[in-house]
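Trainee: with the input below, show me the fold.
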Amino acid sequence: MPRRPTIADVAKLAGVSRATVSFVLNNRPGVAQDTRQRVRSAAEELGWTPSSSARALSRGRTRAVGLVLTREPELIGTDPFFPAFMAGIETVISRTGDGLMLQMSRPENEVDTYRRLAADRRVDGVLLTDLRTNDTRPELVAGLGLPAVAVGAPDDGTGLPAVNLDDRPAVREAVRHLIGMGHRDIAYVAGPDEFVHARRRLQAWSDALAEAGLPEGTCISGGFTAEGGARATRMLLERPTRPTAIVYGNDLSATAGMAVAQAAGLRLPEDLSVVGFDDVPLASYTSPPLTTCRVDPVSWGRASAQALGELIEAGSTADVELEPAALVVRGSTGPVPVRRTG
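Mentor: Residues are numbered from 1 along each chain as shown. Modelled structure (predicted):
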C-alpha cells in the first residue's frame with residue numbers, strides 16, 4: 001500500500017520549509033504569490049490532502065457532537081425512538097467525518113457529565129433532548145461554552161436554537177377519531193411528568209375531551225416504558241367501569257398495554273380501542289396493527305444535527321419547525337363496544 005504524502009514531502013518538492021507549506025495551505029498571509037503557486041502545484045502533483053484530524057486541530061475542533069441521555073441504561077435498548085433519532089444524526093455527521101459521542105448518565109451525575117464533556121474538549125456541541133420543565137441544562141451548557149441545540153421547544157423558551165415538532169395536533173385528532181366512533185370513556189397513559197413533551201401530549205388529550213364536552217378521563221402514568229404501560233393498563237382494566245379506549249404517550253407503552261388487554265381476554269378493537277404515539281416500525285406489525293401518531297425520528301435527528309453543525313461552524317442557526325405529528329389509523333381502534341346492562 002503506497003505511503004500517504006505528507007507536508008514534508010510537499011515542502012521538499014516545492015523547495016520550501018514545512019512552515020511555509022502550512023501557511024500556504026491554510027491561506028495565511030506573508031507568502032509570495034509565486035511561492036504559493038509552487039506549493040499548491042507540489043501538493044497537487046503528490047496528491048496531498050489534509051487529514052480530518054489535521055483539519056480538526058487547525059480549527060480547534062474535536063469533530064464530534066454530544067448526546068447525553070439521562071435515564072437508566074437498560075431502558076435505552078427498549079425505546080425504539082432514540083436509535084432512529086441517532087440514525088438521523090449519523091446521516092449528517094458521517095458526511096463530514098464527524099462522530100457522535102453518546103453519554104449515558106443517571107440524573108444525579110448529569111451536571112458532571114456535561115462539565116466533563118466541556119473540560120475534556122470531547123465534543124464541539126451538544127443536542128439537548130427530553131426537555132424538562134424548569135430545565136437547568138440550557139444555562140449549564142451556556143456557562144460551559146458548549147454550543148447546543150434544543151430538540152423540542154418548551155413553551156417558555158430555552159434561549160437556545162430549537163428543532164421542534166408539535167405533537168399536540170395528532171393527539172387531539174386521535175381523541176376526536178375515538179369520539180367519532182362513539183367512545184366517551186377515553187383514558188390516557190402518560191409519560192414522565194417532568195418532560196415537556198409528555199405534558200403537552202397529556203394536555204392535548206385533556207383539551208380534546210373538553211372541546212367535545214366530555215368530562216376529564218382517567219389518567220395514569222406509564223413512564224414511557226413497557227413495564228409502566230403494562231402496569232397502567234392493568235389498573236385501568238381493574239376499574240369498576242373500564243374505559244372503552246386508551247390513548248398512550250408512546251408506542252412502547254401502548255404495545256405493552258395491548259398485550260395486557262389481550263391476556264385479560266379482551267378483543268382489540270371490539271372490546272377496547274388503543275392509540276399509541278411515535279409510529280415506530282413495530283407499530284404496523286402488532287396484532288392488530290397499532291393506530292398511532294406519526295413522527296419521523298430519523299428526520300428529526302437529521303434536522304437537529306444540521307442545525308448544530310451550522311451553529312458550530314457559523315456561530316448561529318435558525319429555529320426549525322418540523323411537520324407536526326399526524327394520526328395514522330390502523331386496526332387497533334374501532335367503534336365503541338355495546339355494553340349489556342342486564
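Trainee: shaky segments in the stretch 101-250 of the chain?
Mentor: The model of the stretch 101-250 of the chain has pLDDT under 70 over residues 155.
Trainee: now do the helices in it.
Mentor: Ranges of helices in the stretch 101-250 of the chain, per DSSP state H, counting those that start in this stretch, are 110-119, 137-144, 168-180, 196-211, 226-237.
Trainee: of all those helices, which one is nearest residue 125?
Mentor: helix 137-144 (8.7 Å; CB to CB). Placement of C-beta: from N, CA and C, glycine included.
Trainee: how far is the closest one from where the chain is centred?
Mentor: 19 Å (CA atoms, centre = their mean, to the nearest Å).
Trainee: kindly report the same for stretch 165-174.
Mentor: 17 Å.
Trainee: in it, what counts as buried?
Mentor: Residues of stretch 165-174 classed as buried by neighbour count (16 or more other CB atoms under 10 Å): 165-168, 170-174.
Trainee: grab the two from the residues you listed that are most spread out in space.
Mentor: Taking CB to CB, the two most distant members of these are 165 and 174; they sit 15.9 Å apart.
Trainee: buried residues of stretch 149-158, list them for me.
Mentor: Across stretch 149-158, burial judged by 16+ other CB under 10 Å covers 149-154, 158.
Trainee: okay, how far is it across that stretch, tip to tip?
Mentor: Taking CA to CA, to the nearest Å as the measure, stretch 149-158 stretches 10 Å from start to finish.
Trainee: repeat for stretch 206-221
Mentor: Start-to-end, stretch 206-221 (CA to CA) is 14 Å.
Trainee: show me what it is in contact with.
Mentor: Outside of stretch 206-221, the residues within contact range by CB atoms under 8 Å, 6 or more residues apart in numbering are 171-172, 174-176, 179, 184-193, 202, 205, 228, 232, 235-236, 239, 243.
Trainee: just the buried residues from those residues, in ChimeraX please.
Mentor: One line in ChimeraX is enough to select the buried ones among these; burial here means 16+ other CB under 10 Å:
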select :171,172,174,175,179,185,186,187,188,189,190,191,192,202,205,228,232,236,243
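Trainee: residues making contact with stretch 86-99?
Mentor: Outside stretch 86-99, the residues touching it (CB under 8 Å, 6+ apart) are 52, 63-65, 67, 100, 102, 124, 127, 297-306, 309.
Trainee: which of these count as buried?
Mentor: Of those, these count as buried by 16+ other CB under 10 Å: 63-65, 67, 100, 124, 127, 297-306, 309.
Trainee: among the residues you listed, which ones are in strands?
Mentor: 64-65, 67, 100, 127 (DSSP state E).
Trainee: which pair of these spans the longest distance?
Mentor: 64 and 127 (11.9 Å).
Trainee: what number of residues lie near the residue nearest to residue 169 when sequence neighbours are not counted?
Mentor: Take residue 169 and drop its neighbours on the chain: the residue closest to it by CB to CB, 6 or more residues apart in numbering is residue 324, 4.9 Å away. Neighbourhood size, residue 324 [other CB atoms under 10 Å]: 16.
Trainee: right, and residue 324 touches residue 172 too?
Mentor: No. In this structure, residue 324 is not within contact of residue 172 by CB atoms under 8 Å, at 10.5 Å.
Trainee: list the residues that contact both of those two?
Mentor: In contact with both residue 324 and residue 172: no residue, using CB under 8 Å, 6+ apart.
Trainee: so what touches stretch 301-320?
Mentor: 61, 65, 84-93, 96, 98, 124-127, 147-149, 151, 153, 161-164, 322.
Trainee: could you pick out the longest helix of this protein?
Mentor: helix 297-314 (DSSP state H).
Trainee: show the average pLDDT along it.
Mentor: Average pLDDT, helix 297-314: 92.
Trainee: with stretch 256-274 instead?
Mentor: 97.
Trainee: and that stretch, which residues are buried?
Mentor: 256-261, 266, 268-269, 271-274.
Trainee: among those residues, which are in helices?
Mentor: Residues of the buried residues of stretch 256-274 located in helices (DSSP H): 256-261.
Trainee: strands of the stretch 1-150 of the chain, start to end?
Mentor: 64-70, 99-105, 125-128, 148-151 (DSSP state E, counting those that start in this stretch).
Trainee: these: which one's closest to residue 224?
Mentor: Closest among the strands of the stretch 1-150 of the chain, using CB to CB: strand 64-70, at 12.7 Å.
Trainee: adjacent strands (with direction) for that closest one?
Mentor: strand 99-105 (parallel), strand 125-128 (parallel) (DSSP bridges).
Trainee: residues touching the last one, excluding its own?
Mentor: With CB under 8 Å, 6+ apart as the contact definition, strand 125-128 has outside contacts at 65-68, 89, 114, 117, 135, 137-138, 141, 146-151, 158, 160, 304-305, 308, 311-312.
Trainee: tell me the SS of the residue lying closest to residue 269 once chain neighbours are set aside?
Mentor: Setting aside the residues directly before and after it, residue 269 is nearest to residue 334 in space (CB to CB, 6+ apart), at 3.4 Å. Three-state call for residue 334 (DSSP: H, G, I helix; E, B strand; the rest coil): coil.
Trainee: having no further points to raise, I will conclude here.
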